[in-house]
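Participant: Here you go, sequence then predicted model.
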Amino acid sequence: MKIGILQTGQSPDVLRAEAGDYPDMFETLLSGQGFTFQTWHVEAMEFPTSVHDADGWLITGSRHGAYEDHAFIPVLEDFIRKVFAAGVPLVGVCFGHQIIAQAMGGVVERFEKGWSVGPTDYDFGGEKITLNAWHRDQVVQKPQGAEVVACNDFCENAALLYGNKAFTVQAHPEFADDFVDGLMKTRGPGLVPADLMERASARLGEGNSSGRIAARIAEFFKNPNG
């Protein structure tokens, strides 16, 4: 099964040599599932010619806000709606989670309560899942027909399921602890409150549930009808 990765951002230059870029992280996350991958750098206006160029689509994270004025955003939103109409399974992570919600009628905003960073606990239907987070924006109003499948007190719409059309997650199952540590050291100072980064740093190394979310993503791609 071929997964098309729609790359909407790049990992920091200073971390990329060791950690790889965002598509590399997703290929590692979903390794061993029988997938092949092709990346389109949509942030640079490189788009597939058809929604059928892959058997499933995955939209990465980004430093951009879904509500910002960038040339690639309306084109990507149109592509998302075409993917939905064609019934090709779609997965979105962080910015991908947000842009899918926005394209389908939801609302994304810079969250008034600030950042979520590092190992974060979510309620996935009564099961505690811990994933690395790195976001200030949130889906504050989910689209009609989207089901909330994960939340916590800080993030009401932490994962959304759109029937057999899409599965999206606000947190970053693809982010390893050392990459989050690198983000805090390179992008965090002056941007993320120091006390929040200190608490996040203290939890790094506890272990998280990225493998369980990887399995869920893989199962959605292979069997979106459940």
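Facilitator: Arrived safely. Numbering: from 1, shown residues only.

Participant: For this protein, which segments are assigned as helices?
Facilitator: Listed from the start of the chain, the chain has helices (DSSP state H) covering 13-19, 22-29, 72-86, 95-103, 177-186, 194-203, 210-222.

Participant: hey, which of these is tucked in deepest?
Facilitator: Most buried of the helices of the chain by mean neighbour count (mean count of other Cβ atoms under 10 Å) is helix 95-103; its value is a mean of 28. In this view, the C-beta of every residue, glycine as well, is placed from N, C-alpha and C.

Participant: Show residues contacting that one.
Facilitator: The set of residues external to helix 95-103 that reach it, using Cβ atoms under 8 Å, 6 or more residues apart in numbering, is 6, 8-9, 58-62, 64, 66-67, 73, 76-78, 80-81, 90, 92, 107-108, 137-139, 142-143, 146, 157, 159-160, 162, 166, 168-170.

Participant: Name the residue most distant from the centre of the protein?
Facilitator: Note on the chain: the largest C-alpha distance from the chain mean falls to D195, namely 24.8 Å (Cα atoms, centre = their mean).

Participant: now for the helices of the chain, which one comes closest to N132?
Facilitator: helix 177-186 (4.9 Å; Cβ to Cβ).

Participant: ok and that closest one relative to helix 194-203, angle-wise?
Facilitator: 160 degrees (axes from the mean of the first three to the mean of the last three Cα atoms, to 10 degrees).

Participant: Tell me the helices and strands packed up against helix 177-186.
Facilitator: For helix 177-186, the contact count by 3 or more Cβ pairs under 8 Å, 6 or more residues apart in numbering; DSSP states H and E identifies helix 13-19, strand 116-124, strand 127-135, helix 194-203 as packing neighbours.

Participant: Now mean pLDDT too, for the ones you listed, in TSV please.
Facilitator: Putting those into TSV (pLDDT from 0 to 100) gives the following:
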stretch	mean pLDDT
helix 13-19	89
strand 116-124	97
strand 127-135	97
helix 194-203	96
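
Participant: So for V51, which of the ones you listed sits nearest?
Facilitator: Of all the helices and strands packed on helix 177-186, it is strand 127-135 that lies closest to V51, at 26.9 Å by Cβ to Cβ.

Participant: Would you mind giving the helices and strands packed on helix 177-186 as TSV with distance to V51 added?
Facilitator: Below are the helices and strands packed on helix 177-186 laid out as TSV (distance: least, Cβ to Cβ, whole Å):
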stretch	distance to V51
helix 13-19	29
strand 116-124	28
strand 127-135	27
helix 194-203	37
